[in-house]
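Asks: sharing a model prediction with you, sequence too.
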Amino acid sequence: MSCVRTIPCLGKARSHSYAWLVALFTMLPACTRDAKESAPAPPPTTATTVLTTPWCGAGWLAIDDATCVALPERLAPPASLVVHVHGMIAPDALPTAEQATLLAAARAHGFAVLFARGKPGLCDWEPGVQSNFCWPTKQEAIDELGPGILAEWAEGQARAEEMAGVRFERRYLFGFSNGGYFVAFLSVEGRFSIDGAGVVGAGRTAIDETLSGPARPPFYLAVGDQETGVTRQDAATLAHLLTLRGWPLTYVIHPGGAHELREDDLASAWAAWGR
């Protein structure tokens with residue numbers, strides 16, 4: 001329908017002016033109505049599905065059923081992601097305490113945390129733990145499974161960046177216990193590009209001197225003096241290697257410390273990384 005109409009017989013008489021105005025304003029609602037009827041409808045909106053999984057505790061966002069991300073309200077510049085590698089976890093357990101410690105540190109210091117789940121069958125030193133979620137800690141297993149795990153982490157980082165609406169300019173790798181041994185391999189051998197590494201309650205039992213990456217990012221290493229003798233010795237072995245190879249190293253032995261991840265470990269690692 002056209003909004004242009006002919007108004008008959010306006011004539012020259014001033015008496016007809018009022019009638020002309022009435023006719024004009026009578027047409028306006030029809031024109032407006034026609035314009036609204038002919039305007040294209042806006043595209044339908046789709047509801048955003050929020051994924052939830054028991055693996056991701058309070059304060060964490062689920063990327064998938066085995067990967068979580070913690071995004072604080074503010075990110076300290078430059079925006080940074082800590083990829084955390086957890087300790088051994090039973091298949092019927094949840095990483096509640098570990099995630100709570102990480103979340104508190106993330107909020108306090110302004111970094112995001114990626115928390116992926118390990119794989120069953122990798123804790124093979126005794127039958128009772130073979131079904132636990134673990135990480136590879138033997139050279140042959142790392143050579144075989146490492147590339148796939150790192151690809152999953154990279155995909156998780158990309159998804160986390162989409163959710164946060166930022167690109168992470170710094171990336172750090174932090175591991176506790178079984179995850180700490182995996183981090184020690186990855187960082188020393190330069191398999192994962194990082195700006196800093198952290199290992200708590202772990203180290204290296206033996207080191208192949210032929211496998212060493214060229215990078216020397218700052219390294220935080222901590223162990224409790226009440227941990228097992230094997231763990232303390234592995235931490236000392238790693239500290240000795242890093243010192244010989246010229247890594248910037250912060251090595252902490254917690255007096256009275258047991259096998260645990262503490263919030264001050266994250267704070268000290270953050271400082272060791274120059275943040």
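Replies: Cool, the structure landed.
Asks: report the contact partners of residue 115.
Replies: 56, 60, 67-70, 84, 86, 95, 99, 102 (CB atoms under 8 Å, 6 or more residues apart in numbering). In this view, the C-beta of every residue, glycine as well, is placed from N, C-alpha and C.
Asks: want to throw these into CSV with distance to residue 228?
Replies: Shown next, in CSV, are the contacts of residue 115 (distance: CB to CB, whole Å):
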residue, distance to residue 228
56, 31
60, 30
67, 30
68, 29
69, 32
70, 30
84, 22
86, 19
95, 22
99, 25
102, 24
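Asks: taking these one by one, which sit in helices?
Replies: Of the contacts of residue 115, the ones assigned to helices by DSSP state H are 99, 102.
Asks: which of the contacts of residue 115 fall within strands?
Replies: 67-70, 84 (DSSP state E).
Asks: wait, which of these is closest to residue 265?
Replies: Taking CB to CB as the measure, residue 265 sits nearest to residue 84 out of those, at 11.4 Å.
Asks: who does the closest one bridge with?
Replies: residue 115, residue 174 (DSSP bridges).
Asks: how deep is residue 167 tucked in, by neighbour count?
Replies: 12 (other CB atoms under 10 Å).
Asks: let me see the ranges of the strands in the stretch 51-200 of the chain.
Replies: For the stretch 51-200 of the chain, the strands defined by DSSP state E, counting those that start in this stretch cover 61-64, 67-70, 80-85, 112-116, 119-120, 133-134, 170-176, 196-200.
Asks: wait, which of those strands is closest to residue 209?
Replies: strand 196-200 (18.6 Å).
Asks: could you export that closest one as CSV, CA atoms only?
Replies: Below are the C-alpha coordinates for strand 196-200, written out as CSV (Å, rounded to 0.1, in the frame of the first residue of the first chain):
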residue,chain,number,x,y,z
GLY,A,196,56.2,-20.2,33.5
ALA,A,197,55.9,-23.6,35.2
GLY,A,198,55.0,-24.8,38.7
VAL,A,199,55.3,-28.2,40.3
VAL,A,200,54.1,-29.1,43.9
